[in-house]
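Colleague: The sequence isn't on hand, but the structure is:
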């Protein structure tokens, strides 16, 4: 038996809920650290058994009842008082989300094109074709579909 195994049951042994087994007893007698911890726990349990909670002052109940009457007599602000805080927090969250969204939209997608590129990107030019391919990359990436389409057209054209 080692110290880890005995520590799991040490509180029960110290409180007198259960008796230590022969292995636990041998370990406690051979290990000074476990014996000291068991003795410390037993003395703590004895102190707790002797302790009594202090009695409240004689006027405690009177003061408590008076305070409860004051709280009950205080006017309540109504359901709007608890409703305002979550609504205010939600409104601020939405405003912050919209602000962040507008910030990133303005700085990422709405950039003005470079004038040199704008002049060269006339319809039908090489720059315009490259820009179109880049924008529609997913559509043009599957050239096998285009090959199949042209083969089907050839078969239907030459019966």
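Modeller: Here it is on my side, so go on. Worth saying up front: this structure is predicted, and the values here are computed from it rather than measured.
Colleague: any idea which element residue 25 lies in?
Modeller: helix 22-30 (DSSP states H and E).
Colleague: Identify all contacting residues around that helix.
Modeller: Applying Cβ atoms under 8 Å, 6 or more residues apart in numbering, the contact partners of helix 22-30 are 1, 2, 3, 6, 9, 13, 20, 34, 35, 38. To be clear about C-beta, it is placed using only N, CA and C from the backbone, and glycine gets the same treatment.
Colleague: Not counting sequence-adjacent ones, nearest residue to the second one?
Modeller: If I follow you right, that is residue 2. Nearest in space to residue 2, with sequence neighbours left out and distances taken as Cβ to Cβ, 6 or more residues apart in numbering, is residue 27 at 7.6 Å.
Colleague: Return the distance of that neighbour relative to residue 21.
Modeller: 9 Å (Cβ to Cβ, to the nearest Å).
Colleague: So between the two, which is more surrounded?
Modeller: residue 27 (18 against 13; other Cβ atoms under 10 Å).
Colleague: Moving C-terminal from the worst-scoring helix or strand of the chain on mean pLDDT, which element do we reach first?
Modeller: The helix or strand of the chain with the poorest confidence is helix 115-120; it has a mean of 51 (mean pLDDT, DSSP states H and E). Scanning forward in sequence from helix 115-120 by DSSP H and E, the next helix or strand is helix 126-135.
Colleague: What is the helix ranked longest in the chain packed up against?
Modeller: For the chain, the helix that runs over the most residues, judged by DSSP state H, is helix 79-108. The helices and strands touching helix 79-108, judged by 3 or more Cβ pairs under 8 Å, 6 or more residues apart in numbering; DSSP states H and E, number zero.
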